[in-house]
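Visitor: Sequence plus the predicted model coming up.
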Protein chains: 2
Amino acid sequence: MSADSPFRPPASLLDILNGARRPLVIAHLSPDGDAIGSLLALGGILYRLGKDPVLVCQDPVPTNLQFLPYHDRIMTTPVDEVDVVVALDSSDPSRLGEVYQQGRYGRLPLVVIDHHVTNTFFGTAHWVEPAACATAELVYYLGELLLAPYNGPDWMANELATYILTGIVTDTRGFRTNSTNARVMQLVARLVAAGAPLTTITEQVLETRTFDLIRLWGRVLQTVRLDDGVISVINTQALRQDLGGLVRPESLVSFLLGAQEAYIAAVFTELPDGQVECSFRARPGHDVSRLALELGGGGHALAAGCTVKGDIEAVRRVLVERLQRC
Amino acid sequence: MSADSPFRPPASLLDILNGARRPLVIAHLSPDGDAIGSLLALGGILYRLGKDPVLVCQDPVPTNLQFLPYHDRIMTTPVDEVDVVVALDSSDPSRLGEVYQQGRYGRLPLVVIDHHVTNTFFGTAHWVEPAACATAELVYYLGELLLAPYNGPDWMANELATYILTGIVTDTRGFRTNSTNARVMQLVARLVAAGAPLTTITEQVLETRTFDLIRLWGRVLQTVRLDDGVISVINTQALRQDLGGLVRPESLVSFLLGAQEAYIAAVFTELPDGQVECSFRARPGHDVSRLALELGGGGHALAAGCTVKGDIEAVRRVLVERLQRC
């Protein structure tokens, strides 16, 4: 099977991982299903290799990912006595947050596993595959490479399959992105056959929302506008003052891009500090990552975002004009 | 492969199909992706067997399914000189509409292929498998049985795979229903490998909406209520008087069921004739099909619907109370 693997980590990365005794594995800030799924999956693989991995993410595991086994092993503060650092699903070191302390870990080998096209190739050894649909997909091939020689074709325990499928469902938005192909669907079938509960994962990752959030969708959708192919909404603090939480921009912005008349969708969310979080989605043939990168953000051609200063109405006006040229 | 098929049609049904020269294949009224996908797939299979199938559906192919090859071969009026009738994805004869004329076709063998648990077992030979995720899944196994002996393992032409995957994506709502399992995902991987464009299908079937429809979602969501676990909205004629079209209840009602606080979701839509179309969804452990059936509708335990007379506010009040006990 390994000979057929579409993705292979560089030998230098394998050497570092094989030599690690107590690796510190870090997933990015504001973790999503691919960050947490990759973190738990790599943790499980390293553990099965006889290592003592330490799993860290600065922000807590979101409620909707707490169905994942052993999610409570993930810590929010760093530890000492580790010998290797692994950064997952993070395009640059700032995504790791304050848990990645240069003074403490700067002298250790830093291994980077990621699939973002905007990755800055930081670290001692990096494995960056923009063609992978999720970082969890890379962790799968790493697991196959490292565990199958010892455990045979059934190396993939039920919970490893669950973690990996959670990452894939998250980043493909339920097999909707153009990174979804026959290779990915064959892997998905294998993960489901290994016991990963696809419908539970999809429900938790893509469909769980609160009643307040549904009410907020109704209010935010009152602000919808279509300007020459760019569909947008604004989510002001005033709209949600009597409600809990934020609209998760991922699902609303994808919903908007379903408009037949639109080729780009944008959600502008006013944050408590007055900054505006911008989330962009594009149809194939357009590229919103360059604008996001220019404004200090990041992402992929078809899905990117950034946070900017300014009045939310003015930000919308200016950026919708820029988006019309993306 | 056929020996392993999880579903096998009865021999009597195969005899009728094998003996047909010019079969009339009918999909149900208000066709969805499983109706049209099954219709085109079975048409393609029968054609490849050297027959001259006639494909009919009383209502036109919806715009979002017009990406399917040869969709323009589907007629909306019946014809003479057919020798067998096949009813697809239809739980009872009324679902076929006026194109199924008793006087004209009553004496011909009637073959029924369906996966609705509410099927009334009408027809001369029926193949009803409630465990199938879609009627298109049954058509796949029929195609394998009938075509693989002649054409080998590659019997499945690209467009047949596209039709079948369209049916499966529609009825599993993108692999979200509890009818989605390892068997289904292995078939999906096979269909994608055979050339079915999963992301296009998902986009067309589940994510295509007009700008007006998005505006209508915002308005309808203003009516959202949560009553002891039942989340509901009403879609009145007044709300959409300046907009085109109806909210497709399938996607809005599924969206509502994402509410963590709800176990049943309902969308009530006021029709132009004053009747109220009711669409219900339930979480596993509940059953909305009995209520729908009692009110003259149909469906599955977790997804059912009906059309009733009455003032929309009154209908909501009475049925929400009934739904709380489902």
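Guide: Cool, the structure landed.
Visitor: Check which element follows the helix or strand that contains A:Tyr47 along the chain.
Guide: In the assignment (DSSP states H and E), A:Tyr47 maps to helix A:33-48. Following helix A:33-48 in sequence order, the next helix or strand is strand A:54-56 (DSSP H and E).
Visitor: Residues touching that following strand, excluding its own?
Guide: A:22-27, A:39-40, A:43, A:73-79, A:82, A:99 (CB atoms under 8 Å, 6 or more residues apart in numbering or on different chains). For every residue, glycine as well, the C-beta is placed using N, CA and C.
Visitor: what helices or strands is the next helix or strand after it leaning on?
Guide: Next helix or strand after strand A:54-56 toward the C-terminus (DSSP H and E): strand A:84-88. The contact analysis (3 or more CB pairs under 8 Å, 6 or more residues apart in numbering or on different chains; DSSP states H and E) places strand A:84-88 against helix A:11-19, strand A:23-27, helix A:33-48, strand A:110-114.
Visitor: Nearest residue to the middle of chain A?
Guide: Compute the mean C-alpha point of chain A, and by CA atoms, centre = their mean the closest residue is A:Asp34, 4.4 Å away.
Visitor: Now for that residue: which residues touch it?
Guide: Counted by CB under 8 Å, 6+ apart, A:Asp34 has contacts A:Asp89, A:Ala134, A:Thr135, A:Ala136, A:Thr166, A:Gly167, A:Ile168, A:Thr170, A:Asp171.
Visitor: Determine the three-state secondary structure at the fourth one.
Guide: Right, A:Ala136. helix (DSSP: H, G, I helix; E, B strand; the rest coil).
Visitor: ok, it touching A:Ile36?
Guide: No. When contacts are counted by CB atoms under 8 Å, A:Ala136 is not listed as touching A:Ile36 (9.5 Å).
Visitor: what is in contact with these two at once?
Guide: Counting by CB under 8 Å, 6+ apart, the residues touching both A:Ala136 and A:Ile36 are A:Tyr163, A:Thr166.
Visitor: Look at those two and report which has more neighbours.
Guide: A:Ala136 (33 against 28; other CB atoms under 10 Å in any protein chain shown).
Visitor: Not counting sequence-adjacent ones, nearest residue to the more buried one?
Guide: A:Gly167 (2.4 Å; CB to CB, 6 or more residues apart in numbering or on different chains).
Visitor: again, but for A:Arg283
Guide: The nearest residue in space to A:Arg283 (CB to CB, 6+ apart) is A:Tyr263, at 4.7 Å.
Visitor: confidence score at the closest residue to the residue nearest to the centre of chain A other than its chain neighbours?
Guide: Nearest residue to A:Asp34, sequence neighbours excluded (CB to CB, 6+ apart): A:Gly167, at 4.0 Å. Per-residue pLDDT puts A:Gly167 at 98.
Visitor: residues contacting A:Gly167?
Guide: A:Gly33, A:Asp34, A:Gly37, A:Ser38, A:Ala41, A:Ala134, A:Thr135, A:Ala136, A:Glu137, A:Val139.
Visitor: Isn't the last one up against A:Ile45?
Guide: Translated: A:Val139. Yes. A:Val139 is within contact range of A:Ile45, at 7.1 Å (criterion: CB under 8 Å).
Visitor: Look at those two and report which has more neighbours.
Guide: Taking neighbours as other CB under 10 Å, A:Val139 and A:Ile45 compare with A:Val139 leading, 28 against 25.
Visitor: my hunch is that the more buried one is in a strand, does that hold up?
Guide: No. Applying three-state DSSP, one finds A:Val139 to be helix, outside a strand.
Visitor: What distance do you get for it to chain B?
Guide: As judged by CB to the nearest CB, to the nearest Å, A:Val139 and chain B stand 20 Å apart.
Visitor: What of A:Leu108?
Guide: 40 Å.
Visitor: so what's that residue up against?
Guide: A:Leu24, A:Val82, A:Asp83, A:Val84, A:Val85.
Visitor: Is it in a helix, a strand, or coil?
Guide: Taking three-state DSSP, the label given to A:Leu108 is coil.
Visitor: quick one: low-confidence parts of the stretch 151-300 of chain A?
Guide: A:244-250 (pLDDT under 70).
Visitor: Surely A:Asp32 touches A:Thr170?
Guide: Yes. A:Asp32 is within contact range of A:Thr170, at 5.4 Å (criterion: CB under 8 Å).
Visitor: which among the contacts of A:Leu108 end up buried?
Guide: A:Leu24, A:Val82, A:Val84, A:Val85 (16 or more other CB atoms under 10 Å in any protein chain shown).
Visitor: Was I right to think the first one contacts A:Tyr105?
Guide: Yes. Applying CB under 8 Å, one finds A:Leu24 in contact with A:Tyr105, separated by 7.0 Å.
Visitor: Pull up the overlap in contacts between those two.
Guide: By CB under 8 Å, 6+ apart, the residues touching both A:Leu24 and A:Tyr105 are A:Pro78, A:Val82, A:Val85.
Visitor: now, which of those residues sits nearest chain B?
Guide: A:Pro78 (32.4 Å; CB to the nearest CB).
Visitor: ok, for that closest one, nearest residue in space, not its chain neighbours?
Guide: In space, A:Pro78 is closest to A:Val99, 4.6 Å off (CB to CB, 6+ apart).
Visitor: what's near enough to touch that neighbour?
Guide: A:Ile26, A:Val56, A:Cys57, A:Gln58, A:Thr76, A:Thr77, A:Pro78.
Visitor: who's in contact with A:Pro109?
Guide: A:Ile16, A:Val84, A:Val85, A:Thr124, A:Ala125 are the contacts of A:Pro109 under CB under 8 Å, 6+ apart.
Visitor: and it, how far is that from B:Ala238?
Guide: Distance, A:Pro109 to B:Ala238, by CB to CB, to the nearest Å: 66 Å.
Visitor: Over to A:Tyr105?
Guide: Taken as CB to CB, the span from A:Tyr105 to B:Ala238 is 62 Å.
Visitor: Compare those two (neighbour count), which wins?
Guide: A:Tyr105 (19 against 9).
Visitor: Check whether that one really touches A:Asp83, as I assumed.
Guide: No. The pair A:Tyr105 and A:Asp83 does not pass the contact test of CB under 8 Å, sitting 10.1 Å apart.
Visitor: domain ranges for chain A?
Guide: A:2-205, A:211-323 (automatic domain parsing).
Visitor: next one: the longest one to chain centre, how far?
Guide: Which is domain A:2-205. Taking CA atoms, centre = their mean, to the nearest Å, one finds the center of domain A:2-205 at 10 Å from the center of the full chain.
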